[in-house]
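Asks: Quick one, structure for this:
(one chain, ligands or ions: 1)
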Amino acid sequence: MIRLEHVSKVYKTSTRPALDDVSVNVDKGEFVFLIGPSGSGKSTFLRLLLREEVPSKGTLVVADWNVGRLSRRRVPRLRQRIGCVFQDFRLLANKTVAENVAFALEVIGKPRHTIKKVVPEVLELVGLEGKADRMPHELSGGEQQRVAIARAFVNRPLLLLADEPTGNLDPDTSQDIMLLLERINRTGTTVLMATHDHSIVDAMRRRVVELHLGKVVRDDARGVYGVGR
Ligand SMILES: Nc1ncnc2c1ncn2[C@@H]1O[C@H](COP(=O)(O)OP(=O)(O)OP(=O)(O)O)[C@@H](O)[C@H]1O
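Replies: Predicted structure coming up:
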């Protein structure tokens with residue numbers, strides 16, 4: 001699903017590579033934590049997958065796309081197949097829960113009858129049945145993140161990228177969000193989650209890829225956050 005071969009990324013304004021000769025393979029259906037201290041390259045890794053940045057060196061493949069060489073015209077296709085969830089939810093404040101989710105389908109031209117059918121289904125999947133007509137500010141942080149996950153998942157992406165999705169949530173709510181991400185993973189969606197949250201990584205015992213100064217320093221099949229430190 002994801003293949004990085006000797007990928008480096010050097011930003012124009014910086015001397016040290018943000019990613020330095022990174023080779024990682026992620027199979028379809030895996031759940032992977034991407035960890036590492038601030039500045040270790042996690043966001044750069046995610047931005048490369050979305051083609052928000054291009055690698056300076058190496059090959060980067062997502063599904064069948066050679067992402068580093070993708071023509072500008074084909075980038076929207078790639079992004080349609082990748083769902084994204086962020087720490088700060090990024091909901092549209094002037095749209096209801098259902099409209100936020102529907103919007104993700106409208107922008108890619110899905111027919112209205114499909115939208116009408118799948119939005120309630122996905123809201124039920126994330127545990128928000130009955131809240132379709134609420135505005136984002138009427139929801140708790142955990143509920144807002146559920147809307148964001150519904151929106152990321154409604155188009156059945158191949159890959160779900162989550163950048164610190166529990167960063168603004170208390171531990172119990174974070175755990176609920178992780179159960180939801182696990183449920184989405186069980187549908188066959190590959191999940192890649194960047195996080196600083198030790199307790200979540202330790203509790204889930206999933207694959208852990210650790211970056212330090214742009215290099216992969218650890219890749220454990222069933223890892224914990226702070227092994228050996
Ligand atoms: N647009 C940019 N231009 C120049 N340098 C950048 C840019 N984005 C990131 N960097 C640098 O690349 C390195 C890796 O940053 P990155 O944001 O990928 O790390 P991170 O692990 O996601 O950090 P955090 O956990 O704080 O989000 C850092 O040294 C950072 O300063």
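Asks: sec struct for Leu92, please.
Replies: Following DSSP: H, G, I helix; E, B strand; the rest coil, we place Leu92 in the coil state.
Asks: neighbours around it, how many?
Replies: 13 (other CB atoms under 10 Å). Where C-beta positions appear, they are placed from N, C-alpha and C, glycine not excepted.
Asks: How much space separates it from Pro136?
Replies: 8 Å (CB to CB, to the nearest Å).
Asks: any common contacting residues for the two?
Replies: Counting by CB atoms under 8 Å, 6 or more residues apart in numbering, the residues touching both Leu92 and Pro136 are Asn100.
Asks: Look up how far the ligand lies from the residue nearest to Arg205 when sequence neighbours are not counted.
Replies: Nearest non-adjacent residue to Arg205, counting by CB to CB, 6 or more residues apart in numbering: Arg222, 4.7 Å away. Distance of Arg222 to the ligand, computed by CB to the nearest ligand atom, to the nearest Å: 22 Å.
Asks: who touches the helix ranked longest in the chain?
Replies: The residue-count maximum for a helix in the chain (DSSP state H) belongs to helix 171-186. In this structure, residues lying in contact with helix 171-186 by CB under 8 Å, 6+ apart are 29, 31, 125-127, 140-142, 145-146, 149, 153, 160, 162, 165-166, 169, 191, 193, 197, 199-200, 203-204.
Asks: How about the secondary structure of the residue nearest to Val217 when sequence neighbours are not counted?
Replies: Among residues not flanking Val217 along the chain, Glu210 sits closest, at 5.3 Å (CB to CB, 6+ apart). Secondary structure for Glu210, judged by three-state DSSP, is strand.
Asks: Bridging across strands, which residues link to Glu210?
Replies: Ile35, Arg218 (DSSP bridges).
Asks: Domain map for this protein?
Replies: Domain assignment for the chain, taken from the TED database, gives 1-81+157-196+212-220, 90-156.
Asks: Can you lay out those as a markdown table showing distance to the ligand and mean pLDDT?
Replies: As requested, the domains of the chain are exported to a markdown table (distance: least, CB to the nearest ligand atom, whole Å; pLDDT from 0 to 100):
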| stretch | distance to the ligand | mean pLDDT |
| --- | --- | --- |
| domain 1-81+157-196+212-220 | 3 | 96 |
| domain 90-156 | 16 | 97 |
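Asks: Many thanks, we can stop here.
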